[in-house]
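Asks: Mind folding the following:
(2 chains)
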Amino acid sequence: MTRSFLQLTIFCGMFLLMLSGKALAETPFPKIHEPEGEGVKCVQPEDEIRRNHMKYILHQRDKTVHEGIRTERYSLAKCIDCHVQPDENGKIVDHTSDEHFCNACHQYAAVQIDCFECHADRPQKFIKRSTDKQALNQQMQDMLAKKTSDGSNE
Amino acid sequence: MSDCVNNSRRDFISKVALAGTVTLAPGLLLHTAQAKPDDQAVSSKTRWGILIDTNKCGKGCTSCVDACNEEFALIGSMPNSADTQKTQYIRKVTLKEKTTGHEQSLPLLCQHCENPPCVDVCPTGASFKRADGIVLVDKHICIGCRYCMMACPYKARSFVHEEIVNQTLAAPRGKGTVESCTMCVHRVDKDRNPACVEACNADNHNAMIFGDMNDPESALSVELKNNGGKQIRADLGLNTGVRYQGI
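Replies: All right, here's what the predicted structure looks like:
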């Protein structure tokens, strides 16, 4: 009897805590789009990859650049290929957007990512290149403006 | 990332090493260039090079330059920079002999030196030579000091002055780093020809041959052995990986 009462108290306490936490938090926990397809899994268990993805990518980076090892398993391009996909309306976002797979969590955790200063932030097939000076300038300005307003590049 | 350049010392050491190899296992030196598995590191058994026949290179033809610009998405990527500042991995150069008026046209790109001055001057180790002879910039480490640009006798390197958007997968490029011809390392690792060579052949000019300089049976080595190939500024002793015929 006492035990179940204790359990109930703890449960209620946790529930209240969660509620208050949710109400107080200014930034909602980001929604993460699961990669599509049945049985599709990340290259490592979720907990591991969430905590240590940067180590895997960093290791692979040096192997690729200096030794020409081009396995896909831990390559940034492969992460992007699976995780950055268009939404149901066919819209795909760039890395400055809150909805971008990487940026969603990185904004939440207030950790700046530098990868996309150079690397493609979308799978290759979704990158439309333009050589039009005005269009390019506009894109650059938009990106800079977003970065500045986020405070992520200052 | 050599601390000092002493070519005679390097030669001596490599000769000693070579003698040892021949004595111990002569079979080790016999190899042919084959497609490298993705998980295998590049090795110094291979040395990639390009041979350019300037007599076959079409005057006014810019196929190689266009292919390079396309491959690395260079065109229009720096809309606010002056033309002299814009990135060029490969450019066409016209040579004119003043006395005879004879004109030649040739593509000039990173010469992928065996003893690259850009690597010697780099303060961070960003500028490096891969085991298979391809000279690259590790942009993760590059601080954009541009010493390598000053050191390069071929004016092969460029600096990115502007934020870059919509990069291609093959060509991560970003503001504040130096870049140059990578001999299309992403293609070479997948056993394909560099974009410039492919474009030149596709146009039936066949002025460029890509291959392994260490493999005596490669088309490149055979052609070099039979008809020779000059280095530009051979006097600098850089032993370039890009050779020219007809100059």
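Asks: and the residue positioned nearest the centre of chain A, what does it touch?
Replies: By Cα atoms, centre = their mean, chain A has its centre lying nearest to residue A:102, at 1.7 Å. Counting by Cβ atoms under 8 Å, 6 or more residues apart in numbering or on different chains, residue A:102 makes contact with A:83, A:84, A:95, A:113, A:115, A:116, A:121. Any C-beta I mention is one placed from the backbone N, CA and C, and that applies to glycine too.
Asks: tell me which element it falls in.
Replies: If you go by DSSP states H and E, residue A:102 is part of helix A:101-108.
Asks: Could you give the average pLDDT over that helix?
Replies: Average pLDDT, helix A:101-108: 89.
Asks: Give me the next element, helix or strand, following it.
Replies: Following helix A:101-108 toward the C-terminus (DSSP H and E): helix A:115-118.
Asks: Just the buried ones from the contacts of residue A:102?
Replies: A:83, A:84, A:95, A:113, A:115, A:116, A:121 (16 or more other Cβ atoms under 10 Å in any protein chain shown).
Asks: where in chain B is pLDDT low?
Replies: Chain B contains residues with pLDDT under 70 at B:1-6, B:10, B:13-14, B:16-35.
Asks: Please identify the buried residues of stretch B:78-96?
Replies: Applying 16+ other Cβ under 10 Å to stretch B:78-96 flags B:78, B:79, B:86, B:87, B:88, B:89, B:90, B:92 as buried.
Asks: what do you get for stretch A:43-55?
Replies: residue A:53.
Asks: And the helices in chain B?
Replies: Here chain B has its helices, by DSSP state H, at B:7-24, B:63-71, B:117-121, B:147-151, B:185-188, B:195-202, B:219-227.
Asks: Those helices into CSV, with extra columns for distance to residue B:38 and mean neighbour count?
Replies: Formatted as CSV, these follow (distance: least, Cβ to Cβ, whole Å; neighbours: other Cβ atoms under 10 Å in any protein chain shown):
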stretch, distance to residue B:38, mean neighbour count
helix B:7-24, 27, 10
helix B:63-71, 20, 20
helix B:117-121, 26, 20
helix B:147-151, 29, 17
helix B:185-188, 12, 20
helix B:195-202, 20, 21
helix B:219-227, 24, 15
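Asks: I'd like the contacts of residue A:102 written out as CSV, with distance to residue B:112 and pLDDT added.
Replies: Listed next are the contacts of residue A:102 as CSV, based on distance: Cβ to Cβ, whole Å; pLDDT from 0 to 100:
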residue, distance to residue B:112, pLDDT
A:83, 36, 88
A:84, 34, 88
A:95, 33, 89
A:113, 32, 91
A:115, 27, 93
A:116, 29, 93
A:121, 30, 91
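Asks: got these as TSV, with distance to chain B columns?
Replies: Formatted as TSV, those follow (distance: Cβ to the nearest Cβ, whole Å):
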residue	distance to chain B
A:83	15
A:84	12
A:95	10
A:113	13
A:115	9
A:116	9
A:121	9
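Asks: Pick the one among these closest to residue B:44.
Replies: residue A:115 (30.5 Å; Cβ to Cβ).
Asks: Which residue is the nearest non-sequential neighbour of that closest one?
Replies: Distances taken as Cβ to Cβ, 6 or more residues apart in numbering or on different chains place residue A:76 nearest to residue A:115, at 6.3 Å, with adjacent residues excluded.
Asks: Tell me if I'm right that that neighbour and residue A:59 touch.
Replies: No. When contacts are counted by Cβ atoms under 8 Å, residue A:76 is not listed as touching residue A:59 (11.6 Å).
Asks: Please say which of those two ends up with more neighbours.
Replies: The residue with more neighbours, out of residue A:76 and residue A:59, is residue A:76; 22 against 11, by other Cβ atoms under 10 Å in any protein chain shown.
Asks: Now tabulate the buried ones among the contacts of residue A:102 in CSV and tack on distance to residue B:150.
Replies: What follows is the buried ones among the contacts of residue A:102, written out as CSV (distance: Cβ to Cβ, whole Å):
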residue, distance to residue B:150
A:83, 41
A:84, 39
A:95, 33
A:113, 32
A:115, 29
A:116, 30
A:121, 33
